[in-house]
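> missing the sequence, but the structure's below:
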C-alpha cells in the first residue's frame with residue numbers, strides 16, 4: 001500500500017510551516033513542495049498506517065489498497081467528523097462504498 005496526494009485538493013494546510021499530514025506521519029515521510037503542496041519522500045518507506053489520510057482536512061490524501069484487500073486500483077479516503085470517521089472505498093470498477101467508524105475517544109455524556 002501507499003498514499004497518493006491529490007495536488008488539486010491539497011493546499012498545504014495554508015501558510016503553516018508544517019501541514020497536518022506532516023505533523024501526524026510517524027515516519028516523517030511528508031514534506032511541502034515549493035508550491036506549498038504536501039509530498040511523500042519515498043512511497044516505499046510508507047508504513048501504511050493511514051494517519052495522514054485521516055488527518056487531512058481537505059481529503060486530499062488517499063491510500064491505495066493491495067490486490068489482496070481491495071483489488072488493483074482500489075483506494076480509501078477518510079473524512080474525520082470529530083465523533084466518527086467516514087471511510088470511502090472506491091474500487092477499480094468505479095463503485096463506491098462508505099463505512100462509518102465511531103471514534104473510541106468520543107463520549108456522549110448526555111445519555
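Received, thanks. Not measured: the values here are computed from a predicted model.
> may I see the buried residues of stretch 81-99?
Within stretch 81-99, the residues scored as buried using 16 or more other C-beta atoms under 10 Å are 85, 87, 89-90. Backbone N, C-alpha and C define where each C-beta goes, glycine included.
> just the residues you listed: which are in helices?
Among these, none falls in helices (DSSP state H).
> which of the residues you listed sit farthest apart?
Using C-beta to C-beta, the two most remote members of the buried residues of stretch 81-99 are 85 and 90, lying 16.2 Å apart.
> which parts of this protein are helices?
20-24, 51-55.
> so what does the last one touch, helix or strand wise?
Counting contacts by 3 or more C-beta pairs under 8 Å, 6 or more residues apart in numbering; DSSP states H and E, helix 51-55 is packed against helix 20-24, strand 61-64, strand 75-80.
> picking that back up, closest one of the buried residues of stretch 81-99 to residue 24?
residue 85 (13.6 Å).
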